[in-house]
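Asks: prediction below, plus the sequence it came from.
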Amino acid sequence: MSTCKEHLMLEKDLAGIRLEEYEHENGVVVLIPAGEVIRVDPAAPHLGRMQKVDWQGSAYGVFPQDLLKRGGSI
(Lines give C-alpha, C1' and ligand atoms only; values in the text may rest on other atoms or scores of the structure.)
Protein backbone atom coordinates (compact mmCIF):
# COMPACT_ATOMS: atom_id res chain seq x y z
CA MET A 1 0.00 0.00 0.00
CA SER A 2 1.17 3.53 -0.64
CA THR A 3 1.54 6.28 1.96
CA CYS A 4 -1.63 8.13 0.96
CA LYS A 5 -5.26 7.29 1.57
CA GLU A 6 -6.46 4.46 -0.59
CA HIS A 7 -9.92 3.35 -1.56
CA LEU A 8 -10.56 -0.37 -1.35
CA MET A 9 -13.62 -2.28 -2.49
CA LEU A 10 -14.34 -5.17 -0.18
CA GLU A 11 -14.45 -8.57 -1.83
CA LYS A 12 -15.86 -10.18 1.34
CA ASP A 13 -17.69 -8.88 4.42
CA LEU A 14 -15.40 -7.20 6.98
CA ALA A 15 -16.04 -6.80 10.72
CA GLY A 16 -15.16 -3.39 12.15
CA ILE A 17 -15.52 -1.58 15.48
CA ARG A 18 -16.98 1.93 15.36
CA LEU A 19 -14.47 4.46 16.73
CA GLU A 20 -16.36 7.74 16.70
CA GLU A 21 -16.31 9.16 20.22
CA TYR A 22 -19.25 11.50 19.74
CA GLU A 23 -21.65 8.84 18.45
CA HIS A 24 -23.84 6.80 20.77
CA GLU A 25 -22.86 3.66 18.84
CA ASN A 26 -19.14 3.94 19.73
CA GLY A 27 -17.52 0.52 20.23
CA VAL A 28 -20.24 -1.37 18.38
CA VAL A 29 -19.10 -4.18 16.08
CA VAL A 30 -20.44 -3.64 12.56
CA LEU A 31 -20.29 -5.91 9.54
CA ILE A 32 -19.20 -3.88 6.52
CA PRO A 33 -20.69 -5.73 3.54
CA ALA A 34 -18.81 -6.97 0.50
CA GLY A 35 -18.95 -4.52 -2.41
CA GLU A 36 -18.64 -1.46 -0.16
CA VAL A 37 -15.77 1.00 -0.64
CA ILE A 38 -13.68 1.87 2.41
CA ARG A 39 -10.89 4.40 2.77
CA VAL A 40 -7.59 3.38 4.35
CA ASP A 41 -4.64 5.53 5.40
CA PRO A 42 -1.70 3.10 5.63
CA ALA A 43 0.44 5.80 7.28
CA ALA A 44 -2.03 6.27 10.16
CA PRO A 45 -0.90 4.81 13.46
CA HIS A 46 -2.48 1.51 14.46
CA LEU A 47 -4.95 1.47 17.33
CA GLY A 48 -3.48 -1.38 19.31
CA ARG A 49 -3.57 -4.20 16.77
CA MET A 50 -6.22 -2.52 14.62
CA GLN A 51 -6.00 -0.38 11.47
CA LYS A 52 -8.30 2.64 11.19
CA VAL A 53 -10.55 2.77 8.11
CA ASP A 54 -13.34 5.14 7.08
CA TRP A 55 -16.68 3.89 5.79
CA GLN A 56 -19.79 5.99 5.13
CA GLY A 57 -18.32 8.96 7.01
CA SER A 58 -17.46 7.06 10.20
CA ALA A 59 -14.20 5.64 11.52
CA TYR A 60 -13.79 1.92 12.25
CA GLY A 61 -11.01 -0.26 13.58
CA VAL A 62 -10.33 -3.47 11.63
CA PHE A 63 -7.66 -6.13 11.90
CA PRO A 64 -5.03 -5.57 9.19
CA GLN A 65 -4.86 -9.28 8.32
CA ASP A 66 -8.64 -9.28 7.68
CA LEU A 67 -8.27 -6.18 5.52
CA LEU A 68 -5.59 -7.87 3.40
CA LYS A 69 -7.78 -10.99 2.93
CA ARG A 70 -11.03 -9.15 2.17
CA GLY A 71 -10.10 -5.90 0.41
CA GLY A 72 -9.12 -5.23 -3.18
CA SER A 73 -8.01 -2.00 -4.88
CA ILE A 74 -10.29 -0.06 -7.19
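Replies: Looks like it came in fine.

Asks: what sits opposite the residue nearest the centre of the chain in the beta ladder?
Replies: By CA atoms, centre = their mean, the mean C-alpha position of the chain lies nearest to V53, the distance being 3.1 Å. In this structure, V53 bridges to V40, Y60 when assessed by DSSP bridges.

Asks: where does the chain have low pLDDT?
Replies: 1-4, 21-26, 73-74 (pLDDT under 70).

Asks: mind redoing it with 50?
Replies: 1-3 (pLDDT under 50).

Asks: check which helix or strand L8 maps to.
Replies: strand 6-10 (DSSP states H and E).

Asks: quick check: the residue nearest to the centre of the chain touching L67?
Replies: Yes - using CB atoms under 8 Å, V53 is in contact with L67, at 7.2 Å. Yep, even glycine has a C-beta here, placed from its N, CA and C like the rest.

Asks: overlap in contacts of these two?
Replies: The contact sets of V53 and L67 overlap at V40 (CB atoms under 8 Å, 6 or more residues apart in numbering).

Asks: against Q51, how distant is P64?
Replies: Separation of P64 from Q51 (CB to CB, to the nearest Å) stands at 5 Å.

Asks: show me which of the two is the more surrounded one.
Replies: Taking neighbours as other CB atoms under 10 Å, P64 and Q51 compare with Q51 leading, 21 against 13.

Asks: which parts of the protein are helices?
Replies: For the chain, the helices defined by DSSP state H occupy 64-70.

Asks: next, count neighbours for K5.
Replies: When neighbours are defined as other CB under 10 Å, K5 has 14 of them.

Asks: once you drop chain neighbours, what's closest to it?
Replies: D41 (4.7 Å; CB to CB, 6 or more residues apart in numbering).

Asks: isn't the one you found right next to K52, touching?
Replies: Yes - between D41 and K52 there is a contact under CB under 8 Å: 7.0 Å.

Asks: what comes up buried for stretch 58-71?
Replies: A59, Y60, G61, V62, D66, L67, R70, G71 (16 or more other CB atoms under 10 Å).
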